[in-house]
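Novice: Requesting a structural model of the entry that follows:
(4 chains)
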Number of protein chains: 2
Amino acid sequence: MREMKPDTTTRRRSATIKDVAKRAKVSLKTVSRVVNSEPSVLEATRKRVERAIAELNYQPDLSARSLRSAKSYTIGMVYDNPNAYYVIAMQNGVLSVCRATGFDLNIHPCDSNSPGLAEELCELVQRSRLAGLVLAPPMSERMELIEFLAANKIKFVRIISAAADPRDGFPCVFVDDRDAAYAVTEHLIQLGHQRVGFLWGGKAHRSSPERYQGYEDALRHYGITLDKALIVEGDYSFDDGFRGARKLLALRNPPTAIFGSNDEIAAGVLAAAKAANLNVPYDLSIAGFEDSPFSRQCWPALTTAAQATGDIARRATERLIAELRHHGRHAEDSAENVGFSPTLVIRGSTGPVKPGAAQGK
Amino acid sequence: MREMKPDTTTRRRSATIKDVAKRAKVSLKTVSRVVNSEPSVLEATRKRVERAIAELNYQPDLSARSLRSAKSYTIGMVYDNPNAYYVIAMQNGVLSVCRATGFDLNIHPCDSNSPGLAEELCELVQRSRLAGLVLAPPMSERMELIEFLAANKIKFVRIISAAADPRDGFPCVFVDDRDAAYAVTEHLIQLGHQRVGFLWGGKAHRSSPERYQGYEDALRHYGITLDKALIVEGDYSFDDGFRGARKLLALRNPPTAIFGSNDEIAAGVLAAAKAANLNVPYDLSIAGFEDSPFSRQCWPALTTAAQATGDIARRATERLIAELRHHGRHAEDSAENVGFSPTLVIRGSTGPVKPGAAQGK
DNA sequence: CGGCATCATGACAACGTTGTCAACAATTCG
DNA sequence: CGAATTGTTGACAACGTTGTCATGATGCCG
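Specialist: Residues are numbered from 1 along each chain as shown, chains lettered A, B, ... in the order given. Predicted coordinates for the structure are as follows:
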């Protein structure tokens, strides 16, 4: 009998392992073995089965598979980040690996402050049968949460700031915020700035103290005494950047440069500077952190530290999946925690200190 | 030996329908009926089963369910949008409905220009056993794609610009870009602007001509003759906004206001104005469209049209799920295509035309 | 009061896959 | 040369759920 219809519109009842077995004249189990690249299949048999698979365009049914094997081919990505660019970059990184490896992705935005978060995540894993989780900051840095997940035998990989000590035994990919913040601060200092303001990010994030440390280290290294008045606490937000900058600019001896802990903060600083009729970078230099698209789209564009968010997420996902695959056995190539270092990107928002600017008291 | 661990860490083998049945002293099938709120269960029985469910914290296994019923409880969200804010807002809207209804979400960013997109989506639906799709623009507006999906019996709901005629028979939620663009243009005219530039968005999006129409309608209504020189084509991007604005500002008789088809374009215009040393809004008024967070974070903040992206996505998802639930029968409350109208938000980037500005030739 | 819907419930098969175990052939070893 | 080992394959059960159908109980009508 011949093919009945052109292929494009036929609603092909998708082929099952049974169809493949029949066509290749082997048992179900042998097909299964081929599909899962198990050993102990004769080369000739394997070839025959593979051809049958190709001819029928067979794709294993994820539901049946995960039902039977209690394994799953879906990973979860957990984040609580108001920053859309960051989230999208992470998602795309995770997704690219998922697609390459045949995993599905289940995104799970959540509230990192929720007291029931640990249970929520356990239930999520159970309900959606997730094979493992990719944890973004700040969840990834809350040790009691991490330990709870580990105790419940949930597999995960964390994306963290180096401060969280990648050698605590739980797998992670880490970002060296401190070094990058040092580089940003150094850049400002080398432009002649002696009074550099610093706006903190959210306390829930380990990256905040890390970035602060980088700032402090650079000042110390260049022999500039720390002025507490130039340091303002806040959150990773535009509004806190605006508020913080207003506070700093109102000082009797204001800074000539302000380092915001991320680009949103820096955007707030920029707005405050504009509102105060300052000319950036002539009257005030501004630096951010993260290199979101809008740091390029501000005017002037922001000097910042570019972190390869997509790559970081990709690497994290690779680690997780390698671990899931080898299930216990150590995945030789992926067992190490990998670090990423953001790099300084110099744009128009930073410039040499103004000749006549008040320096020191 | 004593109990090994406190309860928080015990890996509770999750309860199955069998456990619930045993506890409630009914058959498997009755539990199933309760879970799926099928009729024909005595009130007393239902109560008993519900208690058992609660006590055991039972959650149906999605894999088993979809395997057996060939239905699925996962919907896909298909988008190709470089705008992170828009995507995140959509995702969150879709997710909120998913969570409320017990569906899972599978996100699928894709390339709307890919020639194999239709097949790609069919395979996606098959492979991941998706119950239906939420389609964002511009995929949602490509009729040959839509028809292909429909021919393959894939359920979907579209989010489209009103131009695509919501009465074409395929379910959708639509946005009245035209009216909103009219309102934005009207606002500029009422500020005294006679020469209003317009920067087009991407041609792949139906919203582009819609927004242009709104602009044209407003000019006509106020008796302002259309000046083709003030209209520039481009894409929904910062760079095209920058380029377009440069072009307009270089005219011998430049516009006193520029309406960018979305906020990214407007941000580009803002940058171009700054680069040209113009004072916004004194020398040039700028309006955008969409109300992304950064329209509030520019300086000056952008006048724009706020579309309730989250609500739109939510409504679309509700429609889709209602349709999936009633599977054929018409879902009475959700069968209608719903429209949304973005609303004008006035901020600092628009102001009265400068008294001495050249008006007309 | 007999017959016939209607309702509430349960027994059982089936969904597509993988795990267990046994069967059998080919090879190696004592 | 027989026994043990290895390698390749298949039969069958099981995963947790829902669909089909059968069962018995109840109510209604003539």
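Novice: Which residue ranges make up each domain of chain A?
Specialist: A:17-60, A:71-176+A:309-341, A:177-307 (automatic domain parsing).
Novice: State the distance spanning the first to the last residue of the first one.
Specialist: What that stands for is domain A:17-60. Start-to-end span of domain A:17-60 (Cα to Cα, to the nearest Å) is 7 Å.
Novice: cool, stretch A:282-297 as well?
Specialist: End-to-end distance (Cα to Cα), stretch A:282-297: 19 Å.
Novice: Equivalent analysis for stretch A:118-138, please.
Specialist: Taking Cα to Cα, the first and last residues of stretch A:118-138 lie 13 Å apart.
Novice: buried stuff in that stretch?
Specialist: Neighbour-count burial for stretch A:118-138, with 16 or more other Cβ atoms under 10 Å in any protein chain shown as criterion, is recorded at A:118, A:121-122, A:124-126, A:128-138. From N, CA and C alone the C-beta is placed, and that goes for glycine too.
Novice: Same question for stretch A:293-311.
Specialist: Buried residues in stretch A:293-311, counting neighbours by 16+ other Cβ under 10 Å, are found at A:293-305, A:307-310.
Novice: Next step: those residues restricted to strands.
Specialist: Assigned to strands by DSSP state E, the following of those qualify: A:Thr304, A:Ala305.
Novice: Cross the buried residues of stretch A:293-311 against helices and list the overlap.
Specialist: With helices identified by DSSP state H, the entries of these that belong to them are A:Pro293, A:Phe294, A:Ser295, A:Arg296, A:Gln297, A:Thr309, A:Gly310.
Novice: Name the pair among the residues you listed with the greatest separation in space.
Specialist: Farthest-apart pair in these is A:Gln297 and A:Gly310; separation 18.7 Å (Cβ to Cβ).
Novice: which residues of chain A fall in strands?
Specialist: Counting by DSSP E, the strands of chain A are A:74-79, A:104-109, A:132-135, A:156-161, A:172-175, A:196-199, A:231-232, A:257-260, A:285-287, A:304-306, A:338-340, A:343-345.
Novice: can I get these in CSV with mean pLDDT and distance to B:Val41?
Specialist: CSV is the format used below for the strands of chain A (pLDDT from 0 to 100; distance: least, Cβ to Cβ, whole Å):
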stretch, mean pLDDT, distance to B:Val41
strand A:74-79, 94, 32
strand A:104-109, 93, 32
strand A:132-135, 95, 37
strand A:156-161, 94, 40
strand A:172-175, 94, 49
strand A:196-199, 98, 60
strand A:231-232, 98, 61
strand A:257-260, 98, 59
strand A:285-287, 98, 65
strand A:304-306, 98, 59
strand A:338-340, 90, 54
strand A:343-345, 97, 63
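Novice: residues from the stretch 251-361 of chain A in reach of chain B?
Specialist: A:264, A:267-268, A:270-271, A:274-275, A:293-294, A:296-300 (Cβ under 8 Å from any Cβ of the partner chain).
Novice: Report the two of the residues you listed separated the most.
Specialist: A:Ala275 and A:Pro293 (23.4 Å).
Novice: got the end-to-end distance for stretch A:153-162?
Specialist: Counting by Cα to Cα, the terminal residues of stretch A:153-162 are separated by 24 Å.
Novice: Kindly apply the preceding question to stretch A:214-233 instead.
Specialist: 16 Å.
Novice: Please identify the nearest residue in space to A:Asn83, excluding sequence neighbours.
Specialist: A:Glu264 (6.6 Å; Cβ to Cβ, 6 or more residues apart in numbering or on different chains).
Novice: and the closest residue to A:Ile53 other than its chain neighbours, what does it touch?
Specialist: Excluding the flanking residues, the one nearest A:Ile53 by Cβ to Cβ, 6+ apart is A:Val20, at 5.6 Å. Taking Cβ atoms under 8 Å, 6 or more residues apart in numbering or on different chains as the contact definition, A:Val20 lies against A:Val31, A:Val49, A:Ala52, A:Ile53, A:Leu56, A:Tyr58.
Novice: ok, now A:Phe170?
Specialist: Listed by Cβ under 8 Å, 6+ apart, the contact set of A:Phe170 reads A:Ile146, A:Ala150, A:Phe156, A:Arg158.
Novice: Name all residues that make contact with the last one.
Specialist: Counting by Cβ under 8 Å, 6+ apart, A:Arg158 makes contact with A:Leu135, A:Ser140, A:Glu141, A:Ile146, A:Ala164, A:Phe170, A:Pro171, A:Cys172, A:Val173, A:Ala316.
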